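Student: Generate a structure from the sequence data that follows.
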Amino acid sequence: MRTEQLARTFVEYYEERGHHRITGSTLLPPPGDPVLFTTSGMHPLTPFLEGRAHPLGRRLVNVQRCLRTTDLDEVGDATHLTVFEMLGTWSLGDYGGPLSLEWGYGLLTEGFGVDPGLLYATVFGGDGRTGPDTASAELWERLGVPVEFTVEDNWWSNGPVGPVGPDSEIFLWSGDGPPRSTPTRDDRWVEIWNHVTMTHRRLGDGSLLPLPQRNVDTGLGLERLASLLQGRPSVFDGDVFDPWRRLVPGLWSLDEPSLRLVCDHLRSAVVILGDGVRPANTGRGYVLRRLVRRVLTLLRREDPSYGVGDLPEELVRHTLDHFRQEIRPGDVLRMLREEEDRFRRLLERGRRVLARPRFRGPLAEEDFHHLHDTHGLPRELITSLREE
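Tutor: Reported below is the predicted structural model:
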């Protein structure tokens, strides 16, 4: 299945089981939300997970595009992206965790054709305050899926206060040959789906208060699932990156890690621009600027003649079409070129500043802070300029 077909199959499967599809489009959270970007499918649903009645009922499903910068240093490995799509389902005080897991197992094995022998599950093993998640463990045992108990890895929270509870994570074997070991001991077991049962609210003092309404929240990364089911070695080899794989190597000669980072960050920048964010020195605009400048720094290190002005319009259009965004590809390319011009002027200023006697020797941490706060020079750019 191609990625779009996987998403349709997912939504239709849960619609057949009484779930209503909710809109999961923009990266921008609702007004008044303190976070910069939507980081998960559950983020916009927080008020309803805390008890407010949702207008579409107690069973929901969606496809939500998300942005995470907490994993920025991991982008380039086999599973992490900056902008990605999350498949999600919710039970707002309706059915419980075992039924959610049973439906998930059915979709994976029957809807997507996954060999049951390639699955492994982890469940919460209990700690001093709450007992083990025996209901989930018994469900997996009945389905014939091996189970590993953990504590910290299977206790979900969304911050220091708020809903918390045990989760059961589903892993898919990605290695050659028959599965071996367990998810915590072999990273060839790739986590694909997390099912959270929200049982308690954690208060400011760390104590747990049972929730009057128990919810189930699940999340499944679409690009990660697609690459695994398509037999590709990484998310960057899945079908949504096919045009990037075809065109970018002809533009810039890059090693594999650099190619992945450039494709991820440029694709993410296109999506962020498509959602109405513009480069700036603070907030969402700074996240966008940082992504673009990471690309420009890397390209410049490889060859000073490389630049985003070479990016084909076809790649921009493909990304905007995939995320159903209305902005014109030419406008996106124009804004990327303008940001590149700003970056070049920053480089020229950075060279002049770093040529001063104070900055010719080894730099202390306070020097990096001064150069950033006073002259707008990020650490990675300073390092790159000093290597010239």
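
Student: How many residues are close by the closest residue to Glu338 other than its chain neighbours?
Tutor: Nearest non-adjacent residue to Glu338, counting by CB to CB, 6 or more residues apart in numbering: Pro279, 8.0 Å away. Quick note: C-beta positions are derived from backbone N, CA and C, even for glycine. A count of neighbours around Pro279, defined by other CB atoms under 10 Å, yields 23.

Student: Helix or strand for Pro279, just tell me which one.
Tutor: Using DSSP states H and E, Pro279 sits within no helix or strand.

Student: That one against Leu288, yeah?
Tutor: Yes. Look at Pro279 against Leu288 with CB atoms under 8 Å: they come within range, at 5.4 Å.

Student: any residues in contact with both of those two?
Tutor: Counting by CB atoms under 8 Å, 6 or more residues apart in numbering, no residue touches both Pro279 and Leu288.

Student: after the longest helix seen in the chain comes which helix or strand?
Tutor: If you go by DSSP state H, the chain has its longest helix at helix 329-354. Proceeding C-terminally, helix 329-354 gives way to helix 365-375 as the next helix or strand, assigned by DSSP H and E.

Student: Can you pull out the residues in contact with the very next helix or strand once past that following helix?
Tutor: Sequence-wise, the next helix or strand downstream of helix 365-375 (DSSP H and E) is helix 379-386. Helix 379-386 has contacts (CB under 8 Å, 6+ apart) with 293-294, 297, 300-301, 346-347, 350-351, 354, 363, 368, 371-372.

Student: Turn these into CSV, including neighbour count, distance to Leu81 and pLDDT.
Tutor: Listed next are the contacts of helix 379-386 as CSV, based on neighbours: other CB atoms under 10 Å; distance: CB to CB, whole Å; pLDDT from 0 to 100:
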residue, neighbour count, distance to Leu81, pLDDT
Arg293, 21, 19, 91
Arg294, 20, 14, 91
Thr297, 17, 20, 88
Arg300, 21, 23, 87
Arg301, 15, 22, 86
Leu346, 17, 27, 90
Leu347, 19, 28, 89
Gly350, 20, 30, 90
Arg351, 11, 33, 91
Leu354, 19, 33, 92
Leu363, 17, 32, 92
Phe368, 15, 28, 92
Leu371, 20, 30, 91
His372, 14, 27, 87
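
Student: Which member of those is positioned nearest Gly117?
Tutor: Distance to Gly117 across the contacts of helix 379-386 (CB to CB) is lowest for Arg294, with 40.7 Å.

Student: Tell me which residues touch the closest one, please.
Tutor: Residues in contact with Arg294 (CB under 8 Å, 6+ apart) are 261, 265, 380.

Student: Can you report phi and psi for it?
Tutor: Backbone torsions of Arg294, given as degrees, to the nearest 10, read phi -60, psi -40.

Student: Give me the distance between the residue nearest to Arg351 when sequence neighbours are not counted and Leu377.
Tutor: Of all residues not flanking Arg351 in the chain, Leu385 sits nearest, at 6.2 Å (CB to CB, 6+ apart). Here Leu385 is placed at a distance of 8 Å from Leu377 (CB to CB, to the nearest Å).
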